[in-house]
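Novice: 3D, please:
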Amino acid sequence: MTGFINIKKETGVSSAFVVNKIKRLAKTPAGHMGTLDPLASGVLPVGVGNACRLFDYFSDKRKTYLARFRFGVTTETLDNEGEKVFKGEVPTEKEILSALPALTGKISQIPPAYSAKSVNGVRSYALARAGKEVELAPKEVEIFSFRLTEQTAPDEFSFEIICGSGTYIRALARDLAKKLNTYAYMSKLERTASGVFTIESAVALDKLTAENLNEFLIPTEEVLPYPVLNLESPRVFNGLQERVSEKDGLYKLYRSGEFYGIASVKDGLCKAEKKLC
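Specialist: Now for the predicted structure:
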(Lines give C-alpha, C1' and ligand atoms only; values in the text may rest on other atoms or scores of the structure.)
Protein backbone atom coordinates (compact mmCIF):
# COMPACT_ATOMS: atom_id res chain seq x y z
CA MET A 1 0.00 0.00 0.00
CA THR A 2 1.55 3.27 -1.18
CA GLY A 3 0.03 6.74 -1.40
CA PHE A 4 -1.38 9.56 0.71
CA ILE A 5 -4.38 9.91 2.96
CA ASN A 6 -5.64 13.42 3.60
CA ILE A 7 -6.82 13.39 7.22
CA LYS A 8 -9.15 15.96 8.76
CA LYS A 9 -7.69 15.97 12.26
CA GLU A 10 -9.89 16.77 15.22
CA THR A 11 -8.96 19.07 18.10
CA GLY A 12 -7.42 17.20 21.02
CA VAL A 13 -5.80 14.49 18.91
CA SER A 14 -2.05 14.46 18.31
CA SER A 15 -0.49 14.03 14.87
CA ALA A 16 1.41 11.01 16.21
CA PHE A 17 -1.88 9.37 17.24
CA VAL A 18 -3.23 9.81 13.70
CA VAL A 19 -0.10 8.33 12.12
CA ASN A 20 -0.02 5.38 14.51
CA LYS A 21 -3.63 4.49 13.76
CA ILE A 22 -3.00 4.55 10.01
CA LYS A 23 0.08 2.38 10.53
CA ARG A 24 -2.07 -0.18 12.31
CA LEU A 25 -4.80 -0.12 9.67
CA ALA A 26 -2.41 -0.28 6.72
CA LYS A 27 0.07 -2.62 8.40
CA THR A 28 2.87 -0.60 6.82
CA PRO A 29 5.00 2.45 7.77
CA ALA A 30 3.39 5.90 7.62
CA GLY A 31 4.35 9.50 8.39
CA HIS A 32 2.76 12.95 8.36
CA MET A 33 3.78 15.90 6.20
CA GLY A 34 4.14 18.55 8.91
CA THR A 35 2.84 18.17 12.44
CA LEU A 36 -0.35 19.79 13.69
CA ASP A 37 -0.57 20.61 17.41
CA PRO A 38 -3.20 18.68 19.42
CA LEU A 39 -5.27 21.83 20.00
CA ALA A 40 -5.39 22.50 16.24
CA SER A 41 -7.69 20.84 13.73
CA GLY A 42 -7.72 20.43 9.98
CA VAL A 43 -5.61 19.06 7.17
CA LEU A 44 -2.96 16.49 8.06
CA PRO A 45 -1.59 14.67 4.97
CA VAL A 46 -0.20 11.24 5.85
CA GLY A 47 2.14 9.30 3.59
CA VAL A 48 1.62 5.55 3.56
CA GLY A 49 4.28 3.02 2.66
CA ASN A 50 6.98 4.13 0.24
CA ALA A 51 5.22 7.47 -0.31
CA CYS A 52 6.94 8.58 2.91
CA ARG A 53 10.15 8.81 0.89
CA LEU A 54 8.77 11.65 -1.20
CA PHE A 55 7.98 14.37 1.34
CA ASP A 56 10.95 16.47 0.20
CA TYR A 57 9.72 16.37 -3.40
CA PHE A 58 6.61 18.44 -2.81
CA SER A 59 7.52 21.86 -4.19
CA ASP A 60 4.38 23.58 -2.88
CA LYS A 61 4.82 23.68 0.89
CA ARG A 62 2.43 26.54 1.52
CA LYS A 63 -0.05 26.05 4.31
CA THR A 64 -3.31 27.92 4.90
CA TYR A 65 -4.68 28.48 8.39
CA LEU A 66 -7.76 30.00 9.95
CA ALA A 67 -6.63 31.32 13.32
CA ARG A 68 -8.20 33.25 16.17
CA PHE A 69 -6.11 35.51 18.38
CA ARG A 70 -7.32 36.75 21.75
CA PHE A 71 -5.86 40.14 22.64
CA GLY A 72 -5.25 41.88 25.96
CA VAL A 73 -3.75 38.80 27.62
CA THR A 74 -1.21 36.08 26.85
CA THR A 75 -0.20 32.69 28.20
CA GLU A 76 3.05 30.84 28.81
CA THR A 77 2.37 28.56 25.85
CA LEU A 78 0.92 31.26 23.56
CA ASP A 79 -2.27 29.20 23.25
CA ASN A 80 -5.34 28.56 25.40
CA GLU A 81 -3.72 25.63 27.25
CA GLY A 82 -1.21 27.74 29.14
CA GLU A 83 -1.49 29.82 32.29
CA LYS A 84 -2.24 33.50 31.74
CA VAL A 85 0.78 35.62 32.55
CA PHE A 86 0.50 39.15 31.14
CA LYS A 87 -2.29 41.59 30.44
CA GLY A 88 -2.63 44.56 28.15
CA GLU A 89 -5.05 46.54 26.02
CA VAL A 90 -7.27 45.19 23.24
CA PRO A 91 -6.41 46.90 19.92
CA THR A 92 -8.96 48.15 17.43
CA GLU A 93 -9.54 46.60 14.03
CA LYS A 94 -7.91 49.62 12.41
CA GLU A 95 -4.80 49.27 14.55
CA ILE A 96 -4.50 45.57 13.71
CA LEU A 97 -4.84 46.25 9.99
CA SER A 98 -2.06 48.81 10.17
CA ALA A 99 0.33 46.29 11.77
CA LEU A 100 -0.25 43.32 9.45
CA PRO A 101 1.99 44.47 6.55
CA ALA A 102 5.05 44.36 8.84
CA LEU A 103 4.43 40.62 9.39
CA THR A 104 3.98 39.77 5.71
CA GLY A 105 6.74 38.51 3.43
CA LYS A 106 9.99 37.03 4.69
CA ILE A 107 10.27 37.74 8.40
CA SER A 108 12.47 36.67 11.30
CA GLN A 109 10.54 34.62 13.86
CA ILE A 110 11.59 33.28 17.26
CA PRO A 111 9.90 29.90 17.90
CA PRO A 112 7.78 29.64 21.05
CA ALA A 113 9.54 28.38 24.17
CA TYR A 114 6.88 25.66 24.37
CA SER A 115 7.83 23.99 21.09
CA ALA A 116 9.57 20.82 19.93
CA LYS A 117 12.76 22.69 19.04
CA SER A 118 15.87 21.03 20.45
CA VAL A 119 18.21 22.88 22.83
CA ASN A 120 21.42 20.94 23.46
CA GLY A 121 19.56 17.70 22.82
CA VAL A 122 16.58 18.57 25.02
CA ARG A 123 13.15 19.59 23.72
CA SER A 124 12.43 23.25 24.35
CA TYR A 125 9.01 22.52 25.89
CA ALA A 126 10.63 20.18 28.44
CA LEU A 127 12.96 22.95 29.58
CA ALA A 128 10.12 25.46 29.73
CA ARG A 129 7.96 23.10 31.79
CA ALA A 130 10.87 22.63 34.20
CA GLY A 131 10.93 26.38 34.75
CA LYS A 132 14.20 26.93 32.90
CA GLU A 133 14.74 29.94 30.70
CA VAL A 134 14.74 29.02 27.02
CA GLU A 135 16.51 31.04 24.35
CA LEU A 136 15.79 29.95 20.80
CA ALA A 137 17.49 31.39 17.74
CA PRO A 138 15.30 33.29 15.30
CA LYS A 139 14.66 31.74 11.91
CA GLU A 140 13.42 33.15 8.63
CA VAL A 141 9.87 32.19 7.65
CA GLU A 142 7.67 33.42 4.83
CA ILE A 143 4.17 34.80 5.26
CA PHE A 144 2.47 35.04 1.88
CA SER A 145 -0.79 36.48 3.21
CA PHE A 146 -1.93 37.67 6.65
CA ARG A 147 -5.53 38.80 6.46
CA LEU A 148 -7.95 39.92 9.15
CA THR A 149 -11.31 38.28 8.41
CA GLU A 150 -13.63 39.24 11.29
CA GLN A 151 -13.97 40.18 14.93
CA THR A 152 -15.36 37.14 16.74
CA ALA A 153 -15.56 38.58 20.28
CA PRO A 154 -14.82 41.91 22.00
CA ASP A 155 -11.20 40.79 22.50
CA GLU A 156 -10.85 38.18 19.74
CA PHE A 157 -10.15 38.46 16.00
CA SER A 158 -10.03 35.86 13.23
CA PHE A 159 -7.31 35.71 10.57
CA GLU A 160 -6.54 33.79 7.40
CA ILE A 161 -2.81 33.09 7.15
CA ILE A 162 -0.98 31.58 4.18
CA CYS A 163 2.61 30.76 5.07
CA GLY A 164 5.61 28.60 4.31
CA SER A 165 6.73 25.57 6.28
CA GLY A 166 8.24 26.09 9.71
CA THR A 167 5.96 29.00 10.65
CA TYR A 168 4.54 29.08 14.18
CA ILE A 169 1.08 30.64 14.17
CA ARG A 170 1.25 31.05 17.95
CA ALA A 171 4.37 33.16 17.46
CA LEU A 172 2.51 35.35 14.95
CA ALA A 173 -0.08 36.10 17.65
CA ARG A 174 2.74 37.12 20.01
CA ASP A 175 4.55 39.23 17.41
CA LEU A 176 1.42 40.97 16.11
CA ALA A 177 0.48 41.95 19.65
CA LYS A 178 4.01 43.18 20.32
CA LYS A 179 3.78 45.57 17.39
CA LEU A 180 0.58 46.90 18.95
CA ASN A 181 2.20 47.29 22.40
CA THR A 182 -0.02 44.64 23.97
CA TYR A 183 -0.33 40.87 24.41
CA ALA A 184 -2.17 38.06 22.63
CA TYR A 185 -2.38 34.30 22.33
CA MET A 186 -3.80 31.89 19.78
CA SER A 187 -7.23 30.74 20.91
CA LYS A 188 -8.16 28.53 17.93
CA LEU A 189 -6.44 27.09 14.85
CA GLU A 190 -7.58 25.18 11.80
CA ARG A 191 -5.36 24.23 8.87
CA THR A 192 -7.44 24.35 5.70
CA ALA A 193 -4.71 23.49 3.19
CA SER A 194 -1.25 21.92 3.10
CA GLY A 195 0.17 22.15 -0.40
CA VAL A 196 -2.21 20.33 -2.75
CA PHE A 197 -4.17 18.79 0.14
CA THR A 198 -7.30 20.74 1.13
CA ILE A 199 -9.93 20.53 3.84
CA GLU A 200 -12.66 19.85 1.26
CA SER A 201 -11.14 16.48 0.34
CA ALA A 202 -10.02 15.48 3.86
CA VAL A 203 -11.49 12.48 5.69
CA ALA A 204 -12.13 12.08 9.42
CA LEU A 205 -9.92 9.53 11.12
CA ASP A 206 -12.85 7.65 12.67
CA LYS A 207 -14.21 6.87 9.20
CA LEU A 208 -11.18 4.78 8.30
CA THR A 209 -11.07 1.02 8.68
CA ALA A 210 -8.71 -1.66 7.47
CA GLU A 211 -11.37 -2.64 4.93
CA ASN A 212 -12.01 0.82 3.42
CA LEU A 213 -8.55 2.40 3.70
CA ASN A 214 -7.82 1.88 0.02
CA GLU A 215 -10.89 3.95 -0.89
CA PHE A 216 -9.26 7.04 0.65
CA LEU A 217 -5.72 6.35 -0.55
CA ILE A 218 -4.56 9.01 -3.03
CA PRO A 219 -2.09 7.58 -5.58
CA THR A 220 1.33 9.16 -5.20
CA GLU A 221 1.59 10.19 -8.85
CA GLU A 222 -1.65 12.19 -8.62
CA VAL A 223 -0.27 14.71 -6.14
CA LEU A 224 3.33 15.10 -7.31
CA PRO A 225 3.76 18.34 -9.29
CA TYR A 226 6.16 17.06 -11.98
CA PRO A 227 5.82 16.20 -15.69
CA VAL A 228 5.77 12.59 -16.85
CA LEU A 229 8.82 10.83 -18.29
CA ASN A 230 8.33 7.39 -19.87
CA LEU A 231 11.40 5.19 -20.28
CA GLU A 232 11.83 1.55 -21.24
CA SER A 233 15.62 1.28 -21.21
CA PRO A 234 16.80 -0.81 -18.23
CA ARG A 235 19.77 1.49 -17.56
CA VAL A 236 17.92 4.02 -15.41
CA PHE A 237 16.06 1.27 -13.56
CA ASN A 238 19.38 -0.40 -12.75
CA GLY A 239 20.85 2.75 -11.20
CA LEU A 240 22.67 4.02 -14.30
CA GLN A 241 22.23 7.22 -16.29
CA GLU A 242 20.43 7.45 -19.63
CA ARG A 243 20.67 10.25 -22.19
CA VAL A 244 17.30 11.89 -22.84
CA SER A 245 15.98 14.92 -24.70
CA GLU A 246 14.00 16.39 -21.78
CA LYS A 247 14.93 19.65 -20.07
CA ASP A 248 16.71 19.70 -16.72
CA GLY A 249 14.45 19.10 -13.74
CA LEU A 250 12.47 16.48 -11.85
CA TYR A 251 10.02 14.05 -13.48
CA LYS A 252 7.52 11.37 -12.57
CA LEU A 253 9.20 8.29 -13.98
CA TYR A 254 7.10 5.59 -15.66
CA ARG A 255 8.01 2.22 -17.14
CA SER A 256 5.53 0.27 -19.28
CA GLY A 257 2.75 2.55 -18.05
CA GLU A 258 3.53 1.94 -14.39
CA PHE A 259 4.68 4.67 -11.99
CA TYR A 260 8.22 3.90 -10.88
CA GLY A 261 9.34 6.94 -8.86
CA ILE A 262 11.14 10.26 -9.25
CA ALA A 263 13.77 10.89 -11.91
CA SER A 264 16.07 13.87 -12.36
CA VAL A 265 17.49 15.18 -15.61
CA LYS A 266 20.66 17.26 -15.73
CA ASP A 267 22.65 18.16 -18.85
CA GLY A 268 20.66 15.63 -20.86
CA LEU A 269 21.35 12.73 -18.49
CA CYS A 270 18.52 11.07 -16.57
CA LYS A 271 18.82 9.07 -13.37
CA ALA A 272 16.34 7.63 -10.89
CA GLU A 273 16.24 9.74 -7.72
CA LYS A 274 13.67 7.80 -5.69
CA LYS A 275 12.02 4.53 -6.58
CA LEU A 276 8.74 3.36 -5.06
CA CYS A 277 8.51 -0.15 -6.48
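
Novice: tell me how far the residue of the chain most remote from its centre lies from Ile218.
Specialist: No residue in the chain sits farther from the centre than Ser233, which is 37.5 Å out by Cα atoms, centre = their mean. Going from Ser233 to Ile218 by Cβ to Cβ, to the nearest Å gives 30 Å. C-beta here means a position set from N, CA and C on the backbone, and glycine is covered the same way.

Novice: for stretch 73-81, buried residues please.
Specialist: Neighbour-count burial for stretch 73-81 flags Val73, Thr74, Thr75, Glu76, Thr77, Leu78, Asp79 (criterion: 16 or more other Cβ atoms under 10 Å).

Novice: same thing with stretch 187-201?
Specialist: Those would be Ser187, Lys188, Leu189, Glu190, Arg191, Thr192, Ala193, Ser194, Gly195, Val196, Phe197, Ile199, for stretch 187-201 by 16+ other Cβ under 10 Å.

Novice: format those residues as CSV; extra columns: secondary structure, distance to Phe58 and pLDDT.
Specialist: Listed next are these as CSV, based on DSSP: H, G, I helix; E, B strand; the rest coil; distance: Cβ to Cβ, whole Å; pLDDT from 0 to 100:
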residue, secondary structure, distance to Phe58, pLDDT
Ser187, strand, 30, 97
Lys188, strand, 27, 97
Leu189, strand, 22, 97
Glu190, strand, 21, 98
Arg191, strand, 15, 97
Thr192, strand, 17, 98
Ala193, strand, 13, 96
Ser194, strand, 9, 94
Gly195, coil, 5, 90
Val196, coil, 8, 90
Phe197, strand, 10, 94
Ile199, helix, 18, 97
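
Novice: quick one: low-confidence parts of the stretch 1-150 of the chain?
Specialist: For the stretch 1-150 of the chain, applying pLDDT under 70 flags the ranges 59-60, 114-134.

Novice: now do the top strand by length along the chain: distance to the chain's middle.
Specialist: Ordering each strand of the chain by length in residues (DSSP state E) puts strand 139-153 first. Its chain's C-alpha centre and that of strand 139-153 lie 16 Å apart, by Cα atoms, centre = their mean, to the nearest Å.

Novice: pretty sure Met33 contacts Ser194?
Specialist: Yes - if you go by Cβ atoms under 8 Å, Met33 and Ser194 touch, sitting 6.4 Å apart.

Novice: hey, what's in contact with both of the two?
Specialist: With contacts defined as Cβ atoms under 8 Å, 6 or more residues apart in numbering, the residues shared by Met33 and Ser194 are Leu44, Pro45.

Novice: isn't the residue farthest from the centre of the chain right up against Glu242?
Specialist: Yes - Ser233 is within contact range of Glu242, at 5.3 Å (criterion: Cβ under 8 Å).

Novice: if we can go back for a sec, which of the buried residues of stretch 187-201 lies closest to Phe237?
Specialist: Closest approach to Phe237 among the buried residues of stretch 187-201 (Cβ to Cβ): Val196, at 27.3 Å.

Novice: any chance you could map the helices in the stretch 151-277 of the chain?
Specialist: 169-179, 220-223, 234-237 (DSSP state H, counting those that start in this stretch).

Novice: contacts for the first one next, please.
Specialist: By Cβ under 8 Å, 6+ apart, the residues outside helix 169-179 that reach it are 65, 67, 69, 71, 74, 77-79, 88, 91, 96, 99-100, 102-103, 109-112, 143, 146, 161, 163, 183-186, 189.

Novice: let me see the contact set for the closest residue to Pro29 other than its chain neighbours.
Specialist: Nearest residue to Pro29 in three dimensions, chain neighbours excluded: Cys52, at 6.1 Å (Cβ to Cβ, 6 or more residues apart in numbering). Residues near Cys52 by Cβ under 8 Å, 6+ apart: Pro29, Ala30, Gly31.
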